[in-house]
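>>> Build me a model from this:
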Amino acid sequence: MKIRYLIMNAFGVGGTIRTVINQANAMAAGHDVELISVFRTRRIPAFPIDPRVRVRVLADRRGPRWRHPFRAWLLRQPSRLIPQAEVRYATFNRYSDARIANYLRSLHGGVLVTTRPALNLLAARFAPDSVVRVAQEHMHLDSHKPALAAEIARWYPRLDAVVTLTLADTARYAAVLDGTGTVLTTIPNALTPAERRPADLAGRIVVAAGRLTRQKGFDLLIEAFAVVADAHPDWQLRIYGDGRERARLERLIHRLHLYNHVFLMGGTTALEEEFAKGAAFVLSSRYEGFGMVLIEAMAHGLPVVSFDCPHGPGEIVTHGTDGLLVPPRDVSELAAAIGRLVADEPLRHRLGSAARIAAARYEMGEIRLQWERLFTRLEAARSGRNERNGRNERNGGHRRCGRASPSSADRLIG
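A predicted model of the protein is given here:
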């Protein structure tokens, strides 16, 4: 089976990048896999790519600008194909528009997996009918701005499938795409293959990880940990990640006099080693696309505390069995749950053991089988439609075209 993954930047660092590369690596055992990166920002990828996976770059952003005047002009022009409501709109330009659209038009057969709304929309518009087009949702429908959601409702019916990370998000897409024929299904992200040392549950370290953004709610976590540190001054909180909220979080730490208890550790590509040092893990997000970091922590046998935010934690954690769930954004309840784990080592061991067992359902082998079954089903359906369309054409019928008529913007980059 020929499988292509189209991603915004395979050379960057982030949860979506890591999970897509993991999936491509897994599928390369037995399939013809290509990873297409719209942009390239460094010489080598931050995450390992299996040598069997071919890598293609559409727009290399390293080094000096191209000297050709028209190409340089295109690089300065804002995108005409990416909706402005897409959160990464400013990263795209007229040159990337042309490169993506022309690449999609060149395809024939196989499976194409696109990995963010901007790319999903372009696949729906430009990839030919011979290609099985699968959109991956790495956040959730309600996290998108209304204007982007409207584009999704308009164009996603042309896709063969939309794959979400949670059952709740699949239900939301079903309401929007009802009756369109687009297959909707839920396949969670898989654990990164790694050696996982069991966590040190007798220690005094609470771990958290994620981008330092408002979404991740580290301000709420720091406020909650002020209560924990007051009752248990020998404990500390380590937060791993980088982001634009760092300075604000540092000010909050100092204002609450937590400089001996809360530490912003910066980004790391060896999070597995840091999980093994923890006695508990906390997810304090205001919202999530899934909550992959929860599963990674649980795989180390870490007991977890999480806001029951939309979407993901409530489908990953069974409250009281393998972790503790608290109402979204409730700082006092978060503090109480962390304090409960901190004060009770036997509870940490009980929840941590159950967490490790629960995380096994996200091992790569199981998730790979789910993707293979989906791709096989979609390819069979596509072959059946092509056979019927061929008979209709021979009998004088007409085949519905799966591509949009080019707009004036499309013609400008064609």
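>>> how about the CA coordinates for stretch 329-339, as PDB?
The C-alpha coordinates for stretch 329-339 follow below in PDB (Å, rounded to 0.1, in the frame of the first residue of the first chain):
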ATOM      1  CA  ARG A 329     -10.200  25.100  35.600                       C
ATOM      2  CA  ASP A 330     -11.100  24.400  39.300                       C
ATOM      3  CA  VAL A 331      -7.800  25.300  41.000                       C
ATOM      4  CA  SER A 332      -8.900  24.300  44.500                       C
ATOM      5  CA  GLU A 333     -10.000  20.800  43.400                       C
ATOM      6  CA  LEU A 334      -6.700  20.500  41.400                       C
ATOM      7  CA  ALA A 335      -4.800  21.400  44.600                       C
ATOM      8  CA  ALA A 336      -6.700  18.900  46.600                       C
ATOM      9  CA  ALA A 337      -6.200  16.100  44.100                       C
ATOM     10  CA  ILE A 338      -2.400  16.700  43.900                       C
ATOM     11  CA  GLY A 339      -2.300  17.000  47.700                       C
END
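>>> buried residues in that stretch?
Neighbour-count burial for stretch 329-339, counted by 16 or more other Cβ atoms under 10 Å, picks out 331, 333, 334, 335, 336, 337, 338, 339. C-beta: built from backbone N, CA, C; applies to glycine.
>>> domains in this structure, as residue ranges please.
Using automatic domain parsing, the domain parsing of the chain gives 2-190+365-413, 205-362.
>>> Residue 112 looks like it's in a strand, true?
Yes: under the criterion used here (DSSP: H, G, I helix; E, B strand; the rest coil), residue 112 sits inside a strand.
>>> Now do the same contact list for it.
Each residue near residue 112 by Cβ atoms under 8 Å, 6 or more residues apart in numbering is listed here: 4, 6, 104, 123, 127, 131, 132, 133, 134.
>>> again with residue 370
By Cβ under 8 Å, 6+ apart, the neighbours of residue 370 are residue 187.
>>> quick one: it from residue 54, how far?
Per Cβ to Cβ, to the nearest Å, residue 370 is found 24 Å from residue 54.
>>> Could you say which one of the domains of the chain comes nearest to residue 196?
Among the domains of the chain, the nearest to residue 196 by Cβ to Cβ is domain 205-362 (5.2 Å).
>>> still on that earlier bit, and the buried residues of stretch 329-339, which is closest to residue 274?
Nearest to residue 274 among the buried residues of stretch 329-339, with distances taken as Cβ to Cβ, is residue 338, at 17.6 Å.
>>> Local confidence estimate at that closest one?
Listed pLDDT for residue 338 reads 98.
>>> separation between it and residue 54?
Remark: distance between residue 338 and residue 54 (Cβ to Cβ) = 46 Å.
>>> Can you list the buried residues in stretch 376-383?
By neighbour count with 16+ other Cβ under 10 Å, stretch 376-383 contains the buried residues 378, 379, 382.
>>> cool, and stretch 359-370?
Buried-residue list, stretch 359-370, by 16+ other Cβ under 10 Å: 359, 362, 364, 367, 368.
>>> ends of that stretch, how far apart?
End-to-end distance of stretch 359-370 (Cα to Cα, to the nearest Å): 16 Å.
>>> just so I have it, where are all the helices in the stretch 251-400 of the chain?
Along the stretch 251-400 of the chain, counting by DSSP state H, counting those that start in this stretch, helices occupy 271-275, 292-299, 313-316, 331-343, 345-359, 364-394.
>>> What mean pLDDT does the first one get?
What it means is helix 271-275. Averaging pLDDT along helix 271-275 gives 92.
>>> Run through who's touching that helix.
For helix 271-275, contacts defined as Cβ under 8 Å, 6+ apart pick out 192, 194-197, 199, 207, 209, 238, 240, 265, 268, 281, 293, 296-297, 300, 302.
>>> Keeping just the C-alphas, turn that helix into PDB.
Extracted in PDB, the C-alpha atoms of helix 271-275 (Å, rounded to 0.1, in the frame of the first residue of the first chain):
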ATOM      1  CA  LEU A 271      10.900  13.500  28.400                       C
ATOM      2  CA  GLU A 272      10.900   9.700  29.100                       C
ATOM      3  CA  GLU A 273      13.900  10.200  31.400                       C
ATOM      4  CA  GLU A 274      12.200  13.000  33.300                       C
ATOM      5  CA  PHE A 275       8.900  11.000  33.700                       C
END
